[in-house]
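Student: Need coordinates for the below:
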Amino acid sequence: MASTKEYLYYILEQLSGLNEITYRAMMGEYILYYKGRIIGGIYDDRLLIKPVKSALRLIPEASYEKPCEGAKDMILVDCIDDREFLNMLFEAMFDDLPDRKKR
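Tutor: All right, here's what the predicted structure looks like:
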């Protein structure tokens, strides 16, 4: 099942307090970038983020889900209605994210 644009737009609106949030459509899903680094994505209308240390610290009881079969586990963010928390989470995660690979 592909993600809906309505869900994508809702998440982007929730993250509107941050500069440099971008996305890329990929096979019916959306990869999310923060300041050019992949932070997670929207898969089957679920916000999934990379399981970096800062995210685990802020979501200690995190549940893990796979974005698709064969992929690595990611953290399911289920508090998408809390705009302040989402913005803080993304800001906290930035330093733990790997730099984008050069092609």
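Student: what about the strands in the protein?
Tutor: 21-26, 29-34, 37-43, 46-49, 63-65, 74-77 (DSSP state E).
Student: Mind exporting the C-alpha coordinates of the fourth one to PDB?
Tutor: Right, the one you point to is strand 46-49. Extracted as PDB, the C-alpha positions of strand 46-49 are listed here (Å, rounded to 0.1, in the frame of the first residue of the first chain):
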ATOM      1  CA  ARG A  46       3.500   5.700   9.000                       C
ATOM      2  CA  LEU A  47       6.300   8.000  10.000                       C
ATOM      3  CA  LEU A  48       9.400   5.900  10.500                       C
ATOM      4  CA  ILE A  49      12.800   7.300  11.500                       C
END
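Student: ok, residues contacting that strand?
Tutor: The contact list for strand 46-49, computed with CB atoms under 8 Å, 6 or more residues apart in numbering, reads 11, 39-42, 55, 65, 67, 74-77, 80, 89, 93. Yep, even glycine has a C-beta here, placed from its N, CA and C like the rest.
Student: Could you do the last one as well?
Tutor: The contact list for strand 74-77, computed with CB under 8 Å, 6+ apart, reads 40-41, 46-51, 55-56, 59, 62-67, 86, 89.
Student: And the shortest one, by the same measure?
Tutor: Under the contact criterion CB under 8 Å, 6+ apart, strand 63-65 has outside partners 46, 48, 51, 73-76, 78.
Student: related to what we said a few turns ago, quick one, which of the contacts of strand 46-49 are buried?
Tutor: Buried by 16 or more other CB atoms under 10 Å: 11, 39-42, 55, 67, 74-77, 89, 93, out of the contacts of strand 46-49.
Student: So for those residues, which is the shakiest by pLDDT?
Tutor: Ranked by pLDDT, those bottom out at residue 67 (91).
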